[in-house]
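Peer 1: Any chance you could fold what I've pasted below:
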Amino acid sequence: MSRIGRKPINIPAGVDVKVDNGVITVKGPKGTLDFAYNHNMTVEIKDGSIEVTRPNDAKENRSLHGLTRTLINNMVVGVTDGYKKELEVNGVGYRVQKQGNKCVMNLGYSHQVIVEDTDDIKIEVPDPNKIVIVGIDKQKVGQFAAEIREKRPPEPYKGKGIKYADEVIRRKEGKAGKGK
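Peer 2: Numbering: from 1, shown residues only. You can find the predicted model right below:
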């Protein structure tokens, strides 16, 4: 049995879960998420928790078991607490500011890079070299953060660019001088 797939998911107070015809809907204080899980998996709500079971030990079903449980757990966490990714902007003259629902970034290009909030993703700028992406869908928050990081990825020589707050940039040594 899958160690992760076997664990029941506790449903916190204020969260409403419905399972209907292969689609699970999780509604909480921060919003609503839907997920169409694989028809081989069985999702049941028992005694204030969600349980995911599989029909047999076929390779595909074993791999889907833990995945389905984790995705449903991420939905429950998302509608209760939400997810956030923090990005840092490093470099001389590199800065970020929020103007309405737009995030305006000066990243050393001849133009400003502008990114807008979406319906389910919000951008916060606590200070000029920090970006916080907030949302309820873990996958969308991570994808949006990756797209912003892609605007100016960190370079290994000076460490300039946009990086995740917990990311460590492996620094390289500069070009060696002439031998004497």
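Peer 1: Can you tell me what sits against the longest strand anywhere in the chain?
Peer 2: Secondary structure of the chain per DSSP state E: the longest strand is strand 83-90. By Cβ atoms under 8 Å, 6 or more residues apart in numbering, the residues outside strand 83-90 that reach it are 77, 95-96, 105, 107, 128-138, 141-142, 144-145, 148-149, 154, 159-166. In this view, the C-beta of every residue, glycine as well, is placed from N, C-alpha and C.
Peer 1: partner strands of it, parallel or antiparallel?
Peer 2: The strands beside strand 83-90 in its sheet (DSSP bridges) come out as strand 130-135 (antiparallel), strand 161-164 (antiparallel).
Peer 1: Including mean neighbour count, could these go into a markdown table?
Peer 2: As requested, the strands paired with strand 83-90 are arranged in a markdown table below (neighbours: other Cβ atoms under 10 Å):
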| stretch | mean neighbour count |
| --- | --- |
| strand 130-135 | 20 |
| strand 161-164 | 20 |
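Peer 1: tell me the contacts of the residue nearest to Pro8 when sequence neighbours are not counted?
Peer 2: Spatially, and ignoring its direct neighbours in sequence, Pro8 is nearest to Ser49 (4.0 Å; Cβ to Cβ, 6 or more residues apart in numbering). With contact set as Cβ under 8 Å, 6+ apart, Ser49 has these partners: Pro8, Ile9, Asn10, Ile11.
Peer 1: I'd like those as CSV, with pLDDT and distance to Leu71 appended.
Peer 2: CSV is the format used below for those (pLDDT from 0 to 100; distance: Cβ to Cβ, whole Å):
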residue, pLDDT, distance to Leu71
Pro8, 92, 15
Ile9, 93, 10
Asn10, 94, 16
Ile11, 93, 15
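Peer 1: Need the buried ones from those selected in ChimeraX.
Peer 2: What follows is the ChimeraX syntax selecting those of those that are buried according to 16 or more other Cβ atoms under 10 Å:
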select :9,11
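Peer 1: Skip ahead from the longest strand of the chain and say which helix or strand is next.
Peer 2: Counting by DSSP states H and E, the element after strand 83-90 in chain order, helix or strand, is strand 95-99.
Peer 1: Run through who's touching that next one.
Peer 2: Contacts for strand 95-99 (Cβ under 8 Å, 6+ apart): Val89, Cys103, Val104, Met105, Asn106, Ile123, Glu124, Val125, Pro128, Asn129, Lys130, Ile131.
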